[in-house]
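>>> How does the following fold in three dimensions:
(one chain, ligands or ions: 1)
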Amino acid sequence: MIVVFLGPPGAGKGTQCKLIVDRYGLTHLSSGDILRRERKENTELGQKAQSYMDSGQLVPDDLIVAMMMKEIGSQSSGGYVLDGFPRTIGQAQELDKALVAAGKKVDVVLNLEVDDNKLETRITGRRSCGKCGTAYHVTFNPPKTEDQCDKGCGALTQRPDDTSEVVQQRIKTYHEQTSPLVEYYQQQGNVKNVNGNLDIQEVTKALYDVLDGVKTSA
Ligand SMILES: [Zn+2]
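I've put the predicted structure just below:
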């Protein structure tokens, strides 16, 4: 089973990804992780990607797809959850071509939908301790004393890209990038919208219900 998992920042995609991967015996493929590893291991693909990044250019779609397909071809897995990929229609088209050539296809596209204001509350409330790494949330998981780590480490910090202005921009960018992708996959008839506004457990159940019903190609 090949799953494309779409969801905005703050939607809890990471948590849900782990649960899905465990339950269905899938392999989690994050394009960000793979790109970092290829560069670190200094592979041919990694070197190519690095040269684009050094000159301030985006890594081209075919190179990203080549990295992902190398991964899909190299592992004997029961399937994959693609996370953060494809990001553009160009990548989606290249992926489809490469999968067809390998006798596979995208079986389902999970589209996790969360209201923008909810995303903003979730993200802007995040705080963490720079010393021990404990994570907090000002509303959902507050420290005992405001802005102080419970373990006595001192003041908590907020990631610079978790501030309101940056978060609004990240959400806007997500919608701009993702809407055309959702349309692309809708034409193939395999998009499943999942309401991500619910509690974590309810979202997990909704995702399981979708995946239980998927008829896989291979
Ligand atoms: Zn601490």
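>>> Bridged to Arg127, which residues?
Tyr136 (DSSP bridges).
>>> residue contacts, it?
Listed by Cβ atoms under 8 Å, 6 or more residues apart in numbering, the contact set of Arg127 reads 135-138, 143, 147, 156-158. All C-beta atoms are positioned from the backbone trio N, CA, C, and that covers glycine.
>>> Would you mind checking which of these is nearest to the ion?
Using Cβ to the ion, Leu156 is the member of the contacts of Arg127 that lies nearest the ion, at 8.0 Å.
>>> is it true that the closest one touches Thr145?
No. With contact defined as Cβ atoms under 8 Å, Leu156 and Thr145 do not form a contacting pair (9.9 Å).
>>> returning to that earlier point: just the buried subset of the contacts of Arg127, please.
Buried members of the contacts of Arg127, scored by 16 or more other Cβ atoms under 10 Å, are 136-138, 143, 156.
>>> I'd like the residues you listed as a markdown table, with pLDDT appended.
Shown next, in a markdown table, are the buried ones among the contacts of Arg127 (pLDDT from 0 to 100):
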| residue | pLDDT |
| --- | --- |
| Tyr136 | 96 |
| His137 | 95 |
| Val138 | 96 |
| Pro143 | 97 |
| Leu156 | 97 |
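>>> Farthest pair within those?
His137 and Leu156 (10.5 Å; Cβ to Cβ).
>>> what about Val4, which helix or strand?
Per DSSP states H and E: Val4 is located in strand 2-6.
>>> Which elements pack onto the following helix or strand past that strand?
Downstream of strand 2-6, the next assigned helix or strand under DSSP H and E is helix 13-24. Under the contact definition 3 or more Cβ pairs under 8 Å, 6 or more residues apart in numbering; DSSP states H and E, helix 13-24 sits against strand 2-6, strand 27-30, strand 80-83, helix 200-212.
>>> Now with 6 Å, please.
Judged by 3 or more Cβ pairs under 6 Å, 6 or more residues apart in numbering; DSSP states H and E, helix 13-24 is in contact with strand 80-83.
>>> The helix or strand in which Lys172 is found relative to strand 2-6, how many degrees between them?
According to DSSP H and E, Lys172 maps onto helix 164-187. On the basis of axes from the mean of the first three to the mean of the last three Cα atoms, to 10 degrees, helix 164-187 is oriented at 140 degrees to strand 2-6.
>>> Report the angle between the helix or strand bottoming out on mean pLDDT in the chain and strand 2-6.
Across the helices and strands of the chain, mean confidence by mean pLDDT, DSSP states H and E is lowest for helix 61-74: a mean of 86. Counting by the same axes, to 10 degrees, helix 61-74 lies at 130 degrees to strand 2-6.
>>> for the ion, what are the nearby residues on this protein?
129, 131-132, 134, 149, 151, 153 (Cβ under 5 Å from the ion).
>>> If you rank those residues by neighbours, which is first?
Among the residues of the chain next to the ion, Cys149 has the most neighbours (other Cβ atoms under 10 Å), with 22 neighbours.
>>> any idea how far that one lies from Ala11?
26 Å (Cβ to Cβ, to the nearest Å).
>>> and what of Arg39?
Separation of Arg39 from Ala11 (Cβ to Cβ): 27 Å.
>>> Pick out whichever of the two has more residues nearby.
Between Arg39 and Ala11, counted using other Cβ under 10 Å, the more crowded position is Ala11 (23 against 17).
>>> phi, psi of that one?
phi -80, psi -10 (degrees, to the nearest 10).
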